[in-house]
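> A predicted structure for the sequence below; I have some questions about it.
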Amino acid sequence: MRAVIIRSFGGPEVLEIAEVPTPSPGPGEIRVRVTAAAVNPVDLQTRSGALARAGIMAPRAVTGLGWDVSGVVDAVGAGVTAFGPGERVIGLSDRPGLSLKTQAEFVLLEATAAAHLPGGADPVAAATLPLNALTAAQALDLVPAAARATILVTGAAGAVGGYAVELAARTGARVVAVAAERDAALVRALGAAHHVPRTAAAEAVRALVPGGVDAVIDAANLGIRAMDAVRGGGTYVGVLGSPPPPLRGIRVANVWIRADGERLASLAAAGLTLRVAGTLPLPHVAEAHRRLEAGGLRGRLVLLAEQ
Ligand SMILES: NC(=O)c1ccc[n+]([C@@H]2O[C@H](COP(=O)([O-])OP(=O)(O)OC[C@H]3O[C@@H](n4cnc5c(N)ncnc54)[C@H](OP(=O)(O)O)[C@@H]3O)[C@@H](O)[C@H]2O)c1
């Protein structure tokens, strides 16, 4: 079978479509015949070596690419009762740097990292959900439930930010969304009460919410510029490993994605807004990296595994 791998770090040219052995599921695992796998910023960070340099990924001779997957269960390992061959699933491969990940014709997942695809769901659009909706949900978990009346989301037109806006608004929070002018209508449609331009300072947020917001989900990695809009004693949630210091009694947390099949099932059933920027065949992975790196995409590029 074919899989996207790298053997060294660098630009999109280091991406290879390699012929590799089809893996067998071990105890507790399922083998998924891949329909679609999204391309995310973490794939660029893996390929460039940024994840390894940050100590998040152990370098290996061969590194696989891809976190999200949508496909059909093809075989199950010992002890797996929740899934059977032929069932449509989505899932998350959450260990950085494995030699086989989701951008492949087949992938192994822990059964606990997968969820059934709801009937009628589009498997290509569904491939854009696992990594970023789970990250947004797990980021919101880090904000105390009793103190989330107003939530600021930066990078609100992006994948993590978009889901964060939608999920936060559904909890009843008043959401302030930082996004480019051209995305004002989008973030409002996702549930934001207010749009603040990317170029605006924290004062623009504080003009809307005197004293500052209860919490920020900083999906654009603005750091102190985002924290500046949070009230004393509020919460800052970052998505990278280097958040600002806990100034003014602000709780500083960082979300680290972890697979959670049950949560994924509820997110898949929640009718969230799924955005596909385009589809490409698996062998065109380098083009997907170039387009994502160029910026300005709305929605995810999704690789289709041809078989
Ligand atoms: N810790 C974890 O477990 C975890 C999990 C998933 C993702 N992440 C990280 O979360 C981040 C967001 O991921 P994503 O998939 O949502 O990325 P994305 O879809 O590319 O969205 C990022 C958004 O941030 C905006 N942005 C970029 N620079 C900005 C700036 N200087 N000011 C304001 N907005 C800015 C972008 O706007 P434009 O497109 O207009 O530039 C875009 O809307 C990435 O760093 C990713 O690696 C972390």
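Received, thanks.

> On the three-state scheme, residue 271 is what?
When states are read from DSSP: H, G, I helix; E, B strand; the rest coil, the local structure at residue 271 comes out as coil.

> residues near it, how many?
Under the neighbour criterion other CB atoms under 10 Å, residue 271 is assigned a count of 9. Every C-beta, even on glycine, is put in place using the N, C-alpha and C of the backbone.

> contacting residues around it?
Contacts were defined as CB atoms under 8 Å, 6 or more residues apart in numbering; by that measure residue 271 touches no other residue.

> so how far is the ligand from it?
Computed with CB to the nearest ligand atom, to the nearest Å, the distance linking residue 271 and the ligand is 20 Å.

> same deal with residue 11?
Applying CB to the nearest ligand atom, the value for residue 11 to the ligand is 18 Å.

> what residues does the chain put near the ligand?
Where proximity means CB under 6 Å from any ligand atom, the interface of the chain facing the ligand comprises 40-42, 131-132, 135, 154-155, 157-161, 178, 180, 198, 219-222, 239-240, 255-257, 295-296.

> hmm, 5 Å instead?
Taking CB under 5 Å from any ligand atom as the contact definition, the chain meets the ligand at 41, 135, 155, 157-160, 180, 198, 219-220, 239, 256-257, 295.

> The ligand: which of these is nearest?
Of all the residues of the chain next to the ligand, residue 158 has the smallest distance to the ligand: 1.9 Å, by CB to the nearest ligand atom.

> Report the contact partners of the closest one.
219-220.

> try 10 Å this time
Residues near residue 158 by CB atoms under 10 Å, 6 or more residues apart in numbering: 41, 132, 164, 179, 183, 219-220, 239, 275, 297-300.

> which of these tops the neighbour count?
Counting neighbours by other CB under 10 Å, the top entry in the contacts of residue 158 is residue 164, with 34 neighbours.

> Skip the chain neighbours and tell me the closest residue to that one.
Across the structure, with CB to CB, 6 or more residues apart in numbering as the measure, the residue nearest residue 164 apart from its sequence neighbours is residue 136 (4.1 Å).

> Show me which positions of the helix or strand containing that neighbour end up buried.
According to DSSP states H and E, residue 136 maps onto helix 130-141. Within helix 130-141, the residues that qualify as buried are 130-140, counting by 16 or more other CB atoms under 10 Å.

> any idea of the mean pLDDT in it?
The pLDDT scores in helix 130-141 average 98.

> quick one, what contacts residue 290?
For residue 290, the contacting residues are 11-12, 44, by CB under 10 Å, 6+ apart.

> Could you look up the SS state of it?
Classification of residue 290 using three-state DSSP returns helix.

> what's the answer for residue 191, then?
In three-state terms, and counting by three-state DSSP, residue 191 is coil.

> From residue 72, how far out is it?
With distances defined as CB to CB, to the nearest Å, the gap from residue 191 to residue 72 amounts to 33 Å.

> sorry, back to before: can you list the buried residues of helix 130-141 in CSV and add distance to residue 23?
Putting the buried residues of helix 130-141 into CSV (distance: CB to CB, whole Å) gives the following:
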residue, distance to residue 23
130, 20
131, 21
132, 26
133, 26
134, 24
135, 26
136, 30
137, 29
138, 28
139, 32
140, 34
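
> And the residue nearest to residue 113 when sequence neighbours are not counted, its phi and psi?
Of all residues beyond its chain neighbours, the one nearest residue 113 is residue 259 (3.5 Å), with distances taken as CB to CB, 6+ apart. Recorded main-chain torsions at residue 259 are phi -60, psi 140, according to degrees, to the nearest 10.
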